[in-house]
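Undergrad: Okay, here's the prediction I keep looking at, along with the sequence it came from:
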Amino acid sequence: MTRQLLDTVGVADATPDEKQPYAELGLADDEYARIRDILGRRPTQAELAMYSIMWSEHCSYKSSKVHLRQFGQKNPKTPRLLAGIGENAGVVAIDEHLAVTFKVESHNHPSFVEPKQGAATGVGGIIRDIIAMGARPIAVMDSLRFGELSHPDTARVLPGVVEGVGHYGNCVGLPNIGGETLFDPCYQGNPLVNALSVGVLPRERLQSMQASGVGNVVILLGAKTGRDGIGGVSVLASATFTEDDDSDSRPSVQVGDPFTEKLLIEACLELFDAGLVVGIQDLGGAGLTCALSETAAAGDGGMHVALERVPLRAEGMEPHDILASESQERMLAIVAPANVEQVLARARRWGLLATAIGEVTDTGRLVVDYHGQTVVDVPPASLADEGPVYHRPLSEPNDLALIAVDRAETLPRPATDEEIRRTVLDMAASPNLCDKSWITEQYDSSVFGNTVLGTPHDAGVVRLDERTGVGIAISLDGNGRYARLDPYTGAQLALAEAYRNVAVTGATPIAVTDCLNFGSPEDPHVMWQFERAVTGIADGCQKLGIPVTGGNVSFYNQTGREAIHPTPVIGVLGVIDDVSRRIPLGFGQTGDTIAMIGTTGEELSGSEWAWATHRHLGGVPPKVDFDHEMKLADLLSRLAGTEQLAAAHDLSEGGLAQALVEAICHSEMGANILLPEGADPFTYLFSESTGRVLIVIPRGQELAVRGACEQRGLPITPLGVVDASTDGLHLRDHFDIGRAELEGAWKGRIAAHLGE
Amino acid sequence: MSARIGIVTFPGSLDDRDAARAVRLGGAEPVALWHDDAVLKSVDAVFLPGGFSYGDYLRCGAIARFSEVMGVVREAASRGMPVLGVCNGFQVLCESHLLPGALVRNAHLRYRNRPARMRVESVDTAWTNEYAPGAEVVFPAKHGEGRYVADEATLDRLEANGQVVFRYLDNPNGAMRDIAGIANEAGNVVGLMPHPEHAVEALTGPSTDGLGIVASVLAARPASRTFDQPV
Amino acid sequence: MARVVVDVMLKSEILDPQGEAVLGALPRLGVNDVKSVRIGKRVEIEFDDEGVESEHSDDAAAKALEQSQIIADQLLANPVIENFTVSVLDEDAA
Amino acid sequence: MARVVVDVMLKSEILDPQGEAVLGALPRLGVNDVKSVRIGKRVEIEFDDEGVESEHSDDAAAKALEQSQIIADQLLANPVIENFTVSVLDEDAA
Ligand SMILES: Nc1ncnc2c1ncn2[C@@H]1O[C@H](COP(=O)(O)OP(=O)(O)O)[C@@H](O)[C@H]1O
Ligand SMILES: [Mg+2]
């Protein structure tokens, strides 16, 4: 393998007409022209690689930027927000001392190619965003979508993804406190793996990604750099290698090492606490390229890097390989010269590699040398902040009007009591509603000893401070079917559900993160869906008075020309002053009253019933009422504070029937239910009207609870009583289902489908 | 002065803070011990917590065995100091030959997290003397490699000597003879897979049965005895 | 009785955290001159000879090898990150 | 550059659920004449030759083998459940 001359800045100057594979790297003609313009010459290979990565959709948000601006414009002003959109993750104040940072991110495509490692590195990546804010990661969540549960490829992808999420989280020692798992044929060739992490920090430990302070040293922490994930820029290889090199050796798959990540967490926190770092940034997608250009652009504007100092895992790596590598478990720290020795020593104590690779300058240029020859010399902001911005065309999908009139409310319904009874069982056994413990049992949920509520609760609740009892609640929700019918309302429904799930635990929602999974932005229909969804979320958050603090956009989720359902996944964070007052899922004690807050309308379009029993998707999704949601949240946090509820459970997919099934199976108690006069049992059980919560009121509190509802104008309907002696669901005047039969339907489905 | 219980942090230990909380809630003083320091800081007992030491690569606990601290732990254990290993800590004790047998991949091949019901089979150990004989306890069990194996002769010996300390009531991993935890012959070294330190608060655990572990080692503490390396 | 061994190793460019961890532990054993450790799987497959008994043992071996190739390719190795080799074990080595 | 392979297999009396799982999956691949599958580890150790360079390569191999024996015995295999074999890899097979 003989190497040709290094493509230095000098060489680039001297050979202006050299043909460059910019199109193969995904750069448009005008983008390439702009790069030449910025540099006043042709880019070197390393520079070309850097621009191609930083100006990609994934890093530059070039298609989504113009729409995401709405979040900033509509976000309510709140003193809680300590860091917002644009940072590695949003940070919100919890009390005088503590702040919390959280974010959700996608790792969809890698998880299809290599389910276990793809999912694992997705978890690893989001954890490093949390560390970069100065926080200790304290929990993870995962939102998963697969094709049909019965499809053979799901048997490959699902166990791998779950193993990856579990392995990485378990091994770094983070409890998994919730998530969702849904199945739909639209995700067959394009599963979704969205991972959320949350961390806690003393407010004064908040870190920045600024490379400031001329003369400060740039230190690379963590794993060695290999060829991981450089598939994209490998077209440059043929230009530099005379002898062809095995293309197999340029894997796009990255393998995670949670052990090194754990060491990174501990070492970084020690460095923060000792006040040894000026700036910190994780290396995620786009690796060093992104970390160097973002820290330099955010800081004093200049940086000099000696690339040959980067510890390598593979032989024969070229400068552009090193810059583009997405090797996992690495962070970049900016450190004052006087502290360098200490930083290196502390890293060594944790068994972590740490290497000084450059320093901050005031040149306004990011200069990268390789063995003394300059291969990169660019203004860092041109990479990090000044990428292309597109105003892509939008157009409403042609079929939407037709779909809207194809309402599920007109579908044939179960008529007799026996048919309704059968439907309850069939729905409980359906892939989207069945018990997910085959998945969640592969996740540690109790490490740290602070998990107050985990799966199968509506939201995860974690204690932050043992002395004060203050804690947080988080829920992650999305519904691609609703969003397919109406992306604006669908996104708002996801927001409303996550908000309500948090409220149901007694916590007060305070902030939002989102992961927007869509098809190709080059498709005007997809772009329209995207714009509607973003607007829906921004409008919803404005009404709810809680800001979007960060998130992630994942485009190109499609198989051929077939895009997935637009799938905005929303994470809502809430705060609860005293976690011992949280409201659990379940039934309390015999004699407690079961009631429902909210109104049940005939809303079946997009419902789980329409899908599970008719494979039908049409009509318009349920209505959202944010005023109502806010009143509901206020009520629940009040009732939690006064300990006037024994239990609560959000009504969502599958409606009241499913909420009862879950409460019965979880509490191992029975429910005697009497539907209100004149209520149609089918509609009452299966409608998916939103804003509804099943509550359990301890004896003696009924009047007080009713009063609190009336005071807020919230309709409350008594439904029955808890009965520990009769076990199962008893619907007076209609039917009985014993608990054994319910559990037989609900449990063990996933294992059975996977052949275990 | 309250008893001092050392808690070892290996690279990859995860439950060290949780073990410290359990020790505190149980009325003793937690003392942090570092894997790379051959010092026991005058502790009265040592707790090897769960986690994935060295990533649990190769075999769980295999690499941790070679740490500096394990040299002094082994020495102190031979002089009677109480040593507890939970989950990864149990694996480290087996790999270090402080306890017989080995912990291998769960029979069902998956990591599984489920509360484990167990019977306390022996109360003649430094870590279980405060439990009622035959008491039922519930601790979270969460591991991928927790199936206890040993040859028949060893198993028979363990049974005969009362060295089987905890036995599963619903075996979660295929462990031989439903063994969840064992002791050495002297009863000062105990290892178990399920996590007592995650069963110390009603708010966060499936029970508070784990507090009995700390209570036991407090009760077992000889009046004035130090297990530090002789100088 | 044909016995086949399938060795499955991570591709050389793929990170092997297991191997790295072992490498890092070797100095504790007093071993300092190891450059790299890679850890993979060794799968021993033992074939049944019924039905092949009467044929030549060479044929049995060839068939076992061919079948093992399929098993390795479809089940034992993940082609995205792993390579494998298949070899017949000597009768007497068994 | 000496390369050594250490094969670590579970003792035959220890249940190998992973091997069993593979065995159980074989009929789905159309393979029905496998009697048993055992899954173990293959560890490839590559030694540094600095300092040994000048010596005979045979010596280097012998030393590598000896060291690998120690590594396998102390670290790579757990004698309670596993057996191991150590062998030098051919230079050219590398
Ligand atoms: N992939 C997953 N990871 C973690 N928790 C999950 C996952 N899938 C489902 N869950 C948990 O299972 C429970 C039931 O899920 P789901 O039916 O989606 O709840 P809900 O309808 O309240 O949103 C919830 O506690 C949820 O957090
Ligand atoms: Mg939900």
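TA: Sure, I can see it. Numbering: from 1, shown residues only, chains lettered A, B, ... in the order given. Ligands and ions are numbered 1, 2, ... in the order given.
Undergrad: what about stretch C:20-30 and chain A, touching?
TA: Yes: using Cβ under 8 Å from any Cβ of the partner chain, stretch C:20-30 reaches chain A at C:Glu20, C:Ala21, C:Gly24. (Each C-beta comes from the backbone N, C-alpha and C, glycine too.)
Undergrad: Does the last one fall in a helix, a strand, or a coil region?
TA: In other words, C:Gly24. helix (DSSP: H, G, I helix; E, B strand; the rest coil).
Undergrad: Looking at the residues of stretch C:20-30 next to chain A, which is nearest A:Ser652?
TA: The shortest approach to A:Ser652 among the residues of stretch C:20-30 next to chain A belongs to C:Ala21, at 43.4 Å (Cβ to Cβ).
Undergrad: hang on, the earlier thing: between the residues of stretch C:20-30 next to chain A, which is nearest B:Val190?
TA: C:Ala21 (27.2 Å).
Undergrad: so which strand or helix has the residue lying closest to A:Ala354 once chain neighbours are set aside?
TA: Leaving aside its sequence neighbours, A:Ala354 sits nearest to A:Ala347 (Cβ to Cβ, 6 or more residues apart in numbering or on different chains; 3.6 Å). Using DSSP states H and E, A:Ala347 sits within helix A:340-349.
Undergrad: quick one: contacts for the closest residue to ligand 1 within chain B?
TA: Proximity of chain B to ligand 1 (Cβ to the nearest ligand atom) peaks at B:Asn113, 11.4 Å away. B:Asn113 makes contacts with A:Thr440, A:Glu441, A:Gln442, A:Tyr443, A:Asp444, A:Ser445, A:Ser446, B:Pro140, B:Ala141, B:Lys142, as judged by Cβ atoms under 8 Å, 6 or more residues apart in numbering or on different chains.
Undergrad: redo that, cut-off 7 Å
TA: A:Glu441, A:Tyr443, A:Asp444, A:Ser445, B:Pro140, B:Lys142 (Cβ atoms under 7 Å, 6 or more residues apart in numbering or on different chains).
Undergrad: which one of those sits closest to A:Ile230?
TA: Scanning these for proximity to A:Ile230, where the rule is Cβ to Cβ, the winner is A:Tyr443, at 31.2 Å.
Undergrad: Give me the distance between A:Ala297 and chain D.
TA: 42 Å (Cβ to the nearest Cβ, to the nearest Å).
Undergrad: what does B:Asn171 give?
TA: 14 Å.
Undergrad: least trustworthy helix or strand in chain C by mean pLDDT?
TA: When the helices and strands of chain C are compared on mean pLDDT, DSSP states H and E, helix C:57-71 comes out lowest with a mean of 86.
Undergrad: before we move on, back to that, residues near the residue nearest to A:Ala354, how many?
TA: Residues near A:Ala347, counting by other Cβ atoms under 10 Å in any protein chain shown, number 23.
Undergrad: repeat for the one 10 residues further on
TA: The burial count assigned to A:Ile357 is 21, neighbours taken as other Cβ under 10 Å.
Undergrad: And A:Leu754, by the same measure?
TA: Neighbourhood size, A:Leu754 [other Cβ under 10 Å]: 15.
Undergrad: and the residues of stretch C:20-30 next to chain A as TSV, adding distance to chain B and neighbour count?
TA: Shown next, in TSV, are these (distance: Cβ to the nearest Cβ, whole Å; neighbours: other Cβ atoms under 10 Å in any protein chain shown):
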residue	distance to chain B	neighbour count
C:Glu20	8	23
C:Ala21	4	25
C:Gly24	8	16
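Undergrad: Same list (these) but as a markdown table, adding pLDDT and distance to A:Thr8.
TA: Output for the residues of stretch C:20-30 next to chain A, formatted as a markdown table (pLDDT from 0 to 100; distance: Cβ to Cβ, whole Å):
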| residue | pLDDT | distance to A:Thr8 |
| --- | --- | --- |
| C:Glu20 | 92 | 33 |
| C:Ala21 | 91 | 39 |
| C:Gly24 | 91 | 36 |
